[in-house]
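[1] give the three-dimensional model of this entry:
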Amino acid sequence: FTTNDDLAKKGARIITRADGVTLTDSEGHQIIDGMAGLWCVNIGYGRQEMADVAARQMMELPFYNTFFQTSHVPAIALAARIAELAPGDLNHVFFSCSGSEANDTNIRMVRHYWALKGKPEKSVIISRKNGYHGSSMGSGSLGGMAGMHAQGGMPIPDIVHIDQPYWYMEGGDMTPEEFGLARARQLEDKILELGVDRVAAFIGEPIQGAGGVIVPPSTYWPEIQRICDQYGILLIADEVITGFGRTGNWFGSQTMGIRPHIMTIAKGLSSGYAPIGGSVVCDEVAATIGADEFNHGYTYSGHPVSAAVALENLRIVEEEKVIEHVRDVAHPHLAKRWHALAEHPLVGETSLVGLMGSMALKPEGSGKAFAAPEGTAGYIVRERCFANNVIMRHVGDRMIIAPPLVITPDQIDELIARATKALDEGHAQLKSEGLLKGA
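    The predicted model follows:
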């Protein structure tokens, strides 16, 4: 996600160390990390306990695989802990090294599940435009990013997409509630178009992350759930970003009222201290898959060091009441400061659930879209954020944040101060370059 030309012209910002919510680069700048790395460093940087656990595990058992009826203590203990935390009967874990690998696993798993049910023709997985589920061939196909699909021959066969529930830009004259129902019912229309006997599953992020932190209307997920239940379609919740406290609950499915058959996990599972991911699977799907050999796995599935680190991460989250901090302290304070930015002349709308938020940049006048190519304004504001030592991402002309879950009110105030300065400077630059005109 970097062009060589940009890298050659500007060079790379080199991060040398980090502590808490603050990064330090090679020039000594102190940078507030408003993105928790890539949505993952939930407990913050520099936790000695995590390093100690990794070192102990490396000395005790640095590696062994989980193939051929073999396992090890860290993987067993982590699977058991995840099963305790996961909602409903999601009691089984198939480990991987990332969310991308986990979603690749999900493709094979749901197709194998239906084959074992005597319905091998049920192979189509329905996803959403502008969703993100990884960057491998399978997971990149599940995602609905047009720029990714333009490279490498994606999507692969039997993966189709419906529209996203982005009311602010796509809702037209509908109320959010009407729009949520309309977008959810596209799933029903697509199932009937393809044939119920062909559709295996629907996958979605509880809240779209890399697509711009798109919070669906309140009517959306209940209707999706009804449709999946009515037609017997497996429901996969991609919790790679929303899992492990990001939304103020252990899982985004709990926040949004979803009852998935499978959850994809990664990122916050280890707070990014070691690579690990997985598919958390309900009892019925696991029992069906377990009746036959599932010819699938990765060398580093359930890697003992990563599993031990993830266990320690979950201990910290629970014992230090990190999720309670998100829900009772950080979110209320950030919500007050974040939504106040909607008064800025460059901001049209703000959204925030837990500690994942977004703002839509807007042109002069009453419109919502800029005349300049999409992403021009977002890129300029992102660069001003970098210049002011705060990390925020842009998705098109939408700015997004997802800071470490341990961020304090004082640190939130500083993040907002730097973001406001970046908005002011971005607005001035857009105006001076004649880029504030609406489409």
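[2] going forward, measure contacts between C-alpha atoms and count neighbours the same way
    Will do.
[3] residues contacting stretch 221-237, please?
    Contacts made with stretch 221-237 from outside it, assessed by C-alpha atoms under 8 Å, 6 or more residues apart in numbering, are listed as 110, 181, 184-185, 187-188, 196, 199-206, 253, 256-264.
[4] got the CA coordinates for that stretch in CSV?
    What follows is the C-alpha trace of stretch 221-237 in CSV, where atoms were taken according to Å, rounded to 0.1, in the frame of the first residue of the first chain:
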residue,chain,number,x,y,z
TRP,A,221,-27.5,-6.1,11.4
PRO,A,222,-30.9,-7.4,12.8
GLU,A,223,-32.2,-7.7,9.3
ILE,A,224,-29.0,-9.4,8.1
GLN,A,225,-29.4,-11.8,11.0
ARG,A,226,-33.0,-12.5,10.1
ILE,A,227,-32.1,-13.2,6.5
CYS,A,228,-29.2,-15.6,7.3
ASP,A,229,-31.5,-17.4,9.8
GLN,A,230,-34.4,-17.7,7.4
TYR,A,231,-32.4,-19.1,4.5
GLY,A,232,-29.9,-21.2,6.5
ILE,A,233,-26.9,-19.2,5.5
LEU,A,234,-23.7,-19.3,7.6
LEU,A,235,-22.9,-15.9,9.1
ILE,A,236,-19.2,-14.9,9.4
ALA,A,237,-18.4,-11.9,11.5
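[5] which residue ranges form the helices in the stretch 151-300 of the chain?
    In the stretch 151-300 of the chain, the segments counted as helices under DSSP state H, counting those that start in this stretch are 167-170, 176-194, 220-231, 252-256, 283-290.
[6] most packed of those?
    The highest mean neighbour count among those belongs to helix 252-256 (a mean of 20), with neighbours defined as mean count of other C-alpha atoms under 10 Å.
[7] pLDDT on that helix, on average?
    For helix 252-256, mean pLDDT rounds to 98.
[8] with stretch 13-25 instead?
    97.
[9] hang on, the earlier thing: so which of the contacts of stretch 221-237 belong to strands?
    Of the positions in those, Val199, Ala200, Ala201, Phe202, Ile203, Gly204, Ile262, Met263, Thr264 sit in strands, assigned by DSSP state E.
[10] of the contacts of stretch 221-237, buried ones?
    Neighbour-count burial (16 or more other C-alpha atoms under 10 Å) is assigned, among the contacts of stretch 221-237, to 110, 181, 184-185, 187-188, 196, 199-206, 253, 256, 258-264.
[11] for this protein, which helix is longest?
    Of all the elements of type helix in the chain, the one with the most residues (DSSP state H) is helix 409-432.
[12] what about stretch 52-59, average pLDDT?
    Confidence over stretch 52-59 (mean pLDDT, whole number) is 98.
[13] what are the buried residues along it?
    With burial defined by 16+ other C-alpha under 10 Å, the residues of stretch 52-59 counted as buried are Val53, Ala54, Gln57.
[14] pull the distance from it to the chain's centre.
    Taking C-alpha atoms, centre = their mean, to the nearest Å, the mean C-alpha location of stretch 52-59 is offset from the chain mean by 29 Å.
[15] now swap in stretch 288-295 and tell me
    Average the C-alpha atoms of stretch 288-295, do the same for its chain, and the two points are 29 Å apart (C-alpha atoms, centre = their mean).
[16] gap between the two ends of it?
    14 Å (C-alpha to C-alpha, to the nearest Å).
[17] give me the contacts around that stretch.
    Contacts of stretch 288-295 from elsewhere in the structure, counted by C-alpha under 8 Å, 6+ apart, are Met109, His112, Tyr113, Leu116, Lys117.
[18] and if you look at stretch 170-179?
    Everything outside stretch 170-179 that qualifies as a contact, by C-alpha under 8 Å, 6+ apart, is Pro165, Trp167, Pro217, Ser218, Thr219, Tyr220.
[19] ditto for stretch 73-87
    By C-alpha under 8 Å, 6+ apart, the list of residues contacting stretch 73-87 from outside reads 90-93, 250-251, 254, 259, 280, 302-305, 307-308, 310-311.
[20] so for it, what's the average pLDDT?
    Confidence over stretch 73-87 (mean pLDDT, whole number) is 98.
[21] ok, now stretch 206-224?
    Stretch 206-224 comes out with an average pLDDT of 98.
[22] end to end, how far does that stretch reach?
    Across its full length, stretch 206-224 reaches 11 Å between end residues, using C-alpha to C-alpha.
[23] chain center to that stretch: distance?
    Computed by C-alpha atoms, centre = their mean, the chain-centroid distance of stretch 206-224 equals 12 Å.
[24] again with stretch 316-329
    20 Å.
[25] show residues contacting that stretch.
    43, 245-250, 354-355, 405-406, 408-409.
[26] most neighbours of all those, which one?
    Leu405 (32 neighbours; other C-alpha atoms under 10 Å).
[27] what about it, is that helix, strand or coil?
    At Leu405 the chain is in coil, as set by DSSP: H, G, I helix; E, B strand; the rest coil.
[28] now do the closest residue in space to it that isn't next to it in sequence: how many residues are near it, please.
    Excluding its sequence neighbours, the residue lying closest to Leu405 (C-alpha to C-alpha, 6 or more residues apart in numbering) is Asn42, at 4.9 Å. As a burial measure, Asn42 scores 32 neighbours (other C-alpha under 10 Å).
[29] so the residue nearest to Val93 when sequence neighbours are not counted versus Tyr168, what's the distance?
    Excluding its sequence neighbours, the residue lying closest to Val93 (C-alpha to C-alpha, 6+ apart) is Val280, at 4.5 Å. Here Val280 is placed at a distance of 32 Å from Tyr168 (C-alpha to C-alpha).
[30] over to Leu435?
    When C-alpha to C-alpha is applied, the distance between Leu435 and Tyr168 equals 21 Å.
[31] now swap in His296 and tell me
    From His296 across to Tyr168, the span is 41 Å (C-alpha to C-alpha).
[32] in which helix or strand would I find Leu38?
    Here Leu38 is covered by helix 36-39, with elements defined by DSSP states H and E.
[33] which strands and helices lie in contact with that helix?
    In terms of contacts (3 or more C-alpha pairs under 8 Å, 6 or more residues apart in numbering; DSSP states H and E), helix 36-39 is not packed against any helix or strand.
[34] now that helix: average pLDDT?
    According to the model, helix 36-39 has a mean pLDDT of 98.
[35] with stretch 289-308 instead?
    Stretch 289-308 shows a mean pLDDT of 93 in the predicted model.
[36] start to end distance for it?
    Comparing the first residue of stretch 289-308 with its last one, the separation is 27 Å (C-alpha to C-alpha).
[37] now do the buried residues in it.
    Neighbour-count burial for stretch 289-308, with 16+ other C-alpha under 10 Å as criterion, is recorded at Ile289, Tyr300, Ser301, Gly302, His303, Pro304, Val305, Ser306, Ala307, Ala308.
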